[in-house]
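Visitor: quick one, fold the following:
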Amino acid sequence: MPSSPAPRDPAPAAPPAAPERRLPGGPVLQDTVTAAIAAAFFEELASVGYARLSLEAVAKRAGAGKAAIYRRWPSKLEMTVALVSAVAVDAPEVADSGTLRGDVLAFLADIAGALRHRLPSRIIPDLLAESTRSPELARALFAAVRDTRRSKATRLLDRAVERGELPADVDRELALDFLAGPLYWRLAVVHTPTDPDYLDRLADKLLAAFRA
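Guide: Residues are numbered from 1 along each chain as shown. Sure thing, here's the model as predicted:
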């Protein structure tokens, strides 16, 4: 049985320099400052969690003034949704390997890589927990992140249907839950290490469930 692909490090690379932007009737927004604030935000969020996150701490970590944050985002909620959403939207499409099994393995490898990375492994569970206490945060993140990610994952299933690997009436909602649920539970909830062949075995079980 082929071995699982090595998980890719999901940490975004530093964005390339871009022209400065000016808000209508307002100051020029320097993209280097925006990038510094975004990096500081994720570090601070991973360190203290959403509930204790303060814009003052983010500004201090970024070496910027608090006013620089407010020129970009009017509140902690809007800053969180905007920056987390940008990562979700910029995430690459699910790889097309040519087979359903290959696509599922690549998808699982990406999830495993994220959940083993220092920042996402702390940020994702914290935001999910905080969403249960903040309906406003939940609505914003689910619309911006969950729906975007599930839409990309749905294309994995659509390709399998087009190849004839899955029936046209496959339950996509249930299949999407299966794709992410077991690995998230193991790595983010019960924090159980995986054997080298774990993703291969999980992929086989998922394919059998999809076809059942």
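Visitor: I figured Phe175 was touching Phe210, is that so?
Guide: Let me fix one detail, which is that residue 175 is Ala and not Phe. Yes. Using CB atoms under 8 Å, Ala175 makes contact with Phe210 at a distance of 5.3 Å. C-betas here are computed from N, CA, C, even on glycine.
Visitor: list residues touching both of these two?
Guide: Listed contacts common to Ala175 and Phe210 are Leu157; contacts here mean CB atoms under 8 Å, 6 or more residues apart in numbering.
Visitor: with adjacent residues omitted, what lies nearest to Ala95?
Guide: Ala106 (4.0 Å; CB to CB, 6 or more residues apart in numbering).
Visitor: which SS state does the one you found fall under?
Guide: Secondary structure assignment for Ala106 (DSSP: H, G, I helix; E, B strand; the rest coil): helix.
Visitor: cool, and the one 5 residues further on?
Guide: In the three-state summary, Ile111 is assigned as helix, counting by three-state DSSP.
Visitor: neighbours around the residue nearest to Ala95, how many?
Guide: Using other CB atoms under 10 Å, Ala106 is surrounded by 22 other residues.
Visitor: and the pLDDT for it?
Guide: Here the pLDDT value assigned to Ala106 is 93.
Visitor: any idea how far it lies from Arg211?
Guide: 19 Å (CB to CB, to the nearest Å).
Visitor: how much space between the spatially most central residue of the chain and Leu176?
Guide: Geometric centre of the chain, nearest residue: Ala88, 4.8 Å, by CA atoms, centre = their mean. Noted for Ala88: a distance of 15 Å to Leu176, by CB to CB.
Visitor: check which residues of the host helix or strand of Leu127 are buried.
Guide: Using DSSP states H and E, the element containing Leu127 is helix 118-131. The neighbour-count check on helix 118-131 (16 or more other CB atoms under 10 Å) flags 119-127, 130-131 as buried.
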